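S.K.: build the 3D model from these lines:
(chains A, B, C and D)
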There are 2 protein chains.
Amino acid sequence: MPRRSSGRVTLQHIADRVGVTKITVSRALREPHRVSAALRLRIESAIDELGYIPNHSAGALASGRSHSVALLIPSLSNSVFSEIQRGVQEGLSEAGYQVLIGHTGYSILEEERLIDTYLSYGVEALILPGTRHTDHACRLLARARVPVVETLELTETPLDINVGLDQHEAGVAMTQAFLERGYRRVGFLGARMDHRAQLRMAGWETAMRQAGLSAQRCLTTPHPSSYRLGGEMLGSMLERWPDLEAVFCCNDDLAAGALFECQRRRLEVPGALALAGFNGLDITEATAPPLATVVTPRRRIGDVIASRLLARLQGTPLRPSSENLGFQIRIGGSL
Amino acid sequence: MPRRSSGRVTLQHIADRVGVTKITVSRALREPHRVSAALRLRIESAIDELGYIPNHSAGALASGRSHSVALLIPSLSNSVFSEIQRGVQEGLSEAGYQVLIGHTGYSILEEERLIDTYLSYGVEALILPGTRHTDHACRLLARARVPVVETLELTETPLDINVGLDQHEAGVAMTQAFLERGYRRVGFLGARMDHRAQLRMAGWETAMRQAGLSAQRCLTTPHPSSYRLGGEMLGSMLERWPDLEAVFCCNDDLAAGALFECQRRRLEVPGALALAGFNGLDITEATAPPLATVVTPRRRIGDVIASRLLARLQGTPLRPSSENLGFQIRIGGSL
DNA sequence: TTGAAAGCGCTAACAA
DNA sequence: TTGTTAGCGCTTTCAA
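M.R.: Residues are numbered from 1 along each chain as shown, chains lettered A, B, ... in the order given. Coordinates of the predicted model:
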């Protein structure tokens, strides 16, 4: 009788039942072709009968491989990340990796905590939203010698693999779309104001200044985006700048909320006020009128992350690199 | 030189540096009060210097405890689950548990796969969306002897802990709200048609039949819900049943999409058509008019799950139980 | 307050 | 094709 034991079925139990040693059972699971067919069948049925579940910790400890990858996302309620997740998941799970999802709530401190946690879980790669991290997080990542993907935005100084799009450029492009259509008093509405929102706003400012126009009509808040907030903030903007002709919102949620507020106020969109959002979520095509937006290649980002990461995990040495997947301006009917 | 070694910093490295044994370092981390203050400080600075990250697998293997709990959610893009997650996370992480999130995509087969995976990770509890599982999943859960929470809906035969609300009753209540306001030709619009959507629809049918009314005006699809789909399906319903007076949608996304379609068709809501959704998401309060909906206590569900689970994990033996957290009907302005 | 010994369940490396 | 041996990094148990 062992001194300590969990009571769970182990490889040894299967081995005893079949009359082989545990390494053979282990092989039957991991390299079935290296075990004779007859034996394999007996092992499989014993596993089934006894309800064996492998102990991942033991395997990871012995092999030094966890077969898992961490994907950190800022928000669980934002479809932007769910599409990236789908691409990553599909690519990596085919290759035998488990994707562990972590939720940062847009906080780089929480990100740091999760990086620590997942490194202690022995993940073989980390996928991070954004390119801003705490110093401590960067130190952890450097020491871990594990592939790291930074995504969504681009940086000149990637830690390792960087896949995303130029948020500033997208902000410029959307603003120019307003200007090309003759709008001059174009405001900016921003919430949460994470790094990407800041970049989009900076793009708006750049484009306005370049056109010799005022970038004063700007309202931001650190609060999280929501439809309701979009409506409320649009109200404040209209009060403060009654001459407003158009509003570029830092994301689709705010833009939709702003559109609803216009409907309540019987303000024609785009007749009395033009609107645009950012991301190209489903809602922008559903509203009346459809919303102008910057369509970001989220699914593709997920796919590309998976493929770059797999190359890296399978040994292809890559030096730090940035990959710009671009964006598209969709005018919809609100501009 | 050891035959195998990961090159990572281990407890032993810290111990060597400080001049103690590894068990003392281990204690300094887990039971700091049992190590002298001076030593503790030296250990802490060595940990910092060398960048030690504990190996979770080794700890879990040795102690038989993983300090982690799995939370499976059907969709990453549905705010319904993000609020539950927040409650669960807050409650459990305070108590030292790591919450591992898994994504089932509404598939009980995928759920089964994730249950298997997370059991092999040694999670100390599982939180599942819904009360329907594959037979194999039930067998896995039974053998695992680990607390299980089934949530969102209620069942007469909980596996263990069941926290949710009566989806059928909510469907009945919302339908009755239509009837009380004089609507008679009330249709039902459903997408995805997971078990909860089915229960809501059954509630609608029950209420209509009890009132002696026809439950024919019903359109469903297995496709995932989206705003766009809500609009398209409403179009089909109006074509098929031009006499439709009201539509109860199985969730808020569909209802919002239906509202947008009404706006496009210049159909007054609720004048020409009344609408209602389900869940009470942010969007229902933002649209013009605000949407009638069934407000579900999602945050509270998360909180209650955490507290029941902690009690259970800390040893309080509970027999299988169902907890009904109820719902509220909010009329908004679309009814 | 600190340490020695053993073992958690598995896999790598080598052997037959 | 199957087995033997050692050890992954940590914690438990018992001892000092």
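
S.K.: for DNA strand D, see how far away the residue most central in space within chain A is.
M.R.: Nearest to the mean C-alpha position of chain A, by C-alpha atoms, centre = their mean, lies A:Phe81 at 4.1 Å. Remark: distance between A:Phe81 and DNA strand D (C-beta to the nearest atom of the strand, to the nearest Å) = 32 Å. Bear in mind the C-beta positions are built from the backbone N, C-alpha and C, glycine included.

S.K.: most proximal residue of the stretch 151-300 of chain A with respect to DNA strand D?
M.R.: In the stretch 151-300 of chain A, the residue found nearest to DNA strand D is A:Asp160; the distance is 22.9 Å by C-beta to the nearest atom of the strand.

S.K.: now the stretch 201-335 of chain A
M.R.: Taking C-beta to the nearest atom of the strand, the stretch 201-335 of chain A has A:Leu313 as its residue nearest DNA strand D, at 19.6 Å.

S.K.: show me what contacts that residue?
M.R.: Contact analysis of A:Leu313 by C-beta atoms under 8 Å, 6 or more residues apart in numbering or on different chains lists A:Ala95, A:Tyr97, A:Glu124, A:Ala125, A:Pro147.

S.K.: sorry, back to before: return the set of residues that bridge with the spatially closest residue to the residue of the stretch 151-300 of chain A closest to DNA strand D that is not a sequence neighbour.
M.R.: Spatial nearest neighbour of A:Asp160, excluding adjacent residues (C-beta to C-beta, 6 or more residues apart in numbering or on different chains): A:Val148 at 4.3 Å. A:Val148 forms beta bridges with A:Leu126, as assigned by DSSP bridges.

S.K.: how many other residues sit next to A:Val148?
M.R.: Residues near A:Val148, counting by other C-beta atoms under 10 Å in any protein chain shown, number 22.

S.K.: with A:Val123 instead?
M.R.: Residues lying near A:Val123 (other C-beta under 10 Å) number 25.

S.K.: okay, it: pLDDT?
M.R.: Predicted confidence (pLDDT) at A:Val123: the value is 98.

S.K.: next one: the helix or strand harbouring A:Gln176 to chain centre, how far?
M.R.: If you go by DSSP states H and E, A:Gln176 is part of helix A:167-180. Centre-to-centre, helix A:167-180 and its host chain are 23 Å apart (C-alpha atoms, centre = their mean, to the nearest Å).

S.K.: packing partners of whichever helix or strand the residue nearest to the centre of chain A is part of?
M.R.: Taking DSSP H and E as the criterion, A:Phe81 maps to helix A:79-94. On a contact count with 3 or more C-beta pairs under 8 Å, 6 or more residues apart in numbering or on different chains; DSSP states H and E, helix A:79-94 meets strand A:68-73, strand A:98-103, helix A:298-313.

S.K.: mean pLDDT added to those, as a markdown table?
M.R.: Converted to a markdown table, the helices and strands packed on helix A:79-94 look like this (pLDDT from 0 to 100):
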| stretch | mean pLDDT |
| --- | --- |
| strand A:68-73 | 97 |
| strand A:98-103 | 95 |
| helix A:298-313 | 97 |
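
S.K.: thinking again about what came up before, nearest residue to the residue nearest to the centre of chain A in space, ignoring adjacent ones along the chain?
M.R.: Closest to A:Phe81 by C-beta to C-beta, 6+ apart is A:Ile73, at 4.1 Å.

S.K.: contacting residues for the one you found?
M.R.: Applying C-beta under 8 Å, 6+ apart to A:Ile73 gives the contacts A:Phe81, A:Ile84, A:Gln85, A:Ile101, A:Gly102, A:His103, A:Thr104, A:Pro129, B:Leu76.

S.K.: so which of the residues you listed wins on neighbours?
M.R.: That'd be A:Ile84 among the contacts of A:Ile73, by other C-beta under 10 Å, with 29 neighbours.

S.K.: next one: it from A:Ala58, what distance?
M.R.: 32 Å (C-beta to C-beta, to the nearest Å).

S.K.: which residue does the stretch 101-250 of chain A bring closest to DNA strand D?
M.R.: Closest point on the stretch 101-250 of chain A to DNA strand D, by C-beta to the nearest atom of the strand, is A:Ser120, at 8.3 Å.

S.K.: that residue is in contact with B:Ala58, isn't it?
M.R.: No: A:Ser120 is beyond contact range of B:Ala58, at 9.7 Å (criterion: C-beta atoms under 8 Å).

S.K.: residues near A:Arg228, how many?
M.R.: A count of nearby residues for A:Arg228, using other C-beta under 10 Å, gives 19.

S.K.: before we move on, what about A:Arg265?
M.R.: Neighbour tally, A:Arg265, other C-beta under 10 Å: 15.

S.K.: nearest residue to it in space, please, no chain neighbours.
M.R.: The shortest distance from A:Arg265 to any residue other than its chain neighbours is 7.8 Å, reached at A:Leu238 (C-beta to C-beta, 6+ apart).

S.K.: taking the mean pLDDT, what do you get for the helix or strand hosting that neighbour?
M.R.: Element membership for A:Leu238, per DSSP H and E: helix A:227-240. Throughout helix A:227-240, pLDDT has a mean value of 98.

S.K.: what's in contact with it?
M.R.: For helix A:227-240, contacts defined as C-beta under 8 Å, 6+ apart pick out A:187, A:189, A:191, A:217, A:219, A:221, A:223, A:244, A:247, A:249, A:253-258, A:260-262, A:264-265, B:282-283, B:285-287.

S.K.: out of these, list just those in helices.
M.R.: Among the contacts of helix A:227-240, the members found in helices (DSSP state H) are A:253-258, A:260-262, A:264, B:283, B:285-286.

S.K.: just the buried ones from the residues you listed?
M.R.: Neighbour-count burial (16 or more other C-beta atoms under 10 Å in any protein chain shown) is assigned, among these, to A:Asp253, A:Leu254, A:Ala255, A:Ala256, A:Gly257, A:Ala258, A:Phe260, A:Glu261, A:Cys262, B:Ile283, B:Glu285, B:Ala286.

S.K.: dump the residue contacts of the closest residue in space to the third one that isn't next to it in sequence.
M.R.: Once flanking residues are discounted, A:Ala255 sits nearest to A:Gly277: 3.0 Å by C-beta to C-beta, 6+ apart. When the contact criterion is C-beta under 8 Å, 6+ apart, the partners of A:Gly277 are A:Cys249, A:Asn251, A:Asp252, A:Asp253, A:Leu254, A:Ala255, A:Ala256, A:Thr284, A:Leu291, A:Ala292, A:Thr293, A:Val294.

S.K.: now, which of those lie close to DNA strand D?
M.R.: Among the contacts of A:Gly277, no residue sits close to DNA strand D (C-beta under 7 Å from any atom of the strand).

S.K.: export the residues you listed to TSV and append columns for pLDDT and distance to B:Glu169.
M.R.: Listed next are the contacts of A:Gly277 as TSV, based on pLDDT from 0 to 100; distance: C-beta to C-beta, whole Å:
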residue	pLDDT	distance to B:Glu169
A:Cys249	98	39
A:Asn251	98	36
A:Asp252	98	34
A:Asp253	97	31
A:Leu254	98	36
A:Ala255	98	37
A:Ala256	98	32
A:Thr284	98	35
A:Leu291	98	37
A:Ala292	98	43
A:Thr293	98	39
A:Val294	98	43
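
S.K.: nearest to A:His195 among those?
M.R.: Closest approach between the contacts of A:Gly277 and A:His195, by C-beta to C-beta: A:Asn251, at 13.4 Å.

S.K.: so how many other residues sit close to the closest residue to the closest one other than its chain neighbours?
M.R.: Counting by C-beta to C-beta, 6+ apart, A:Asn251 lies nearest to A:Phe278, which is 4.9 Å off, once chain neighbours are set aside. With neighbours defined by other C-beta under 10 Å, the count for A:Phe278 comes to 30.

S.K.: give the rounded mean pLDDT of the helix holding A:Gln176.
M.R.: Averaging pLDDT along helix A:167-180 gives 98.

S.K.: contacts for that helix, please.
M.R.: Counting by C-beta under 8 Å, 6+ apart, A:152-154, A:186, A:196, A:199-204, A:206-208, A:211, A:213, A:246, A:248, A:274, A:276, A:278, A:292, A:294, A:296, A:327, A:329, A:331, A:335 sit against helix A:167-180.
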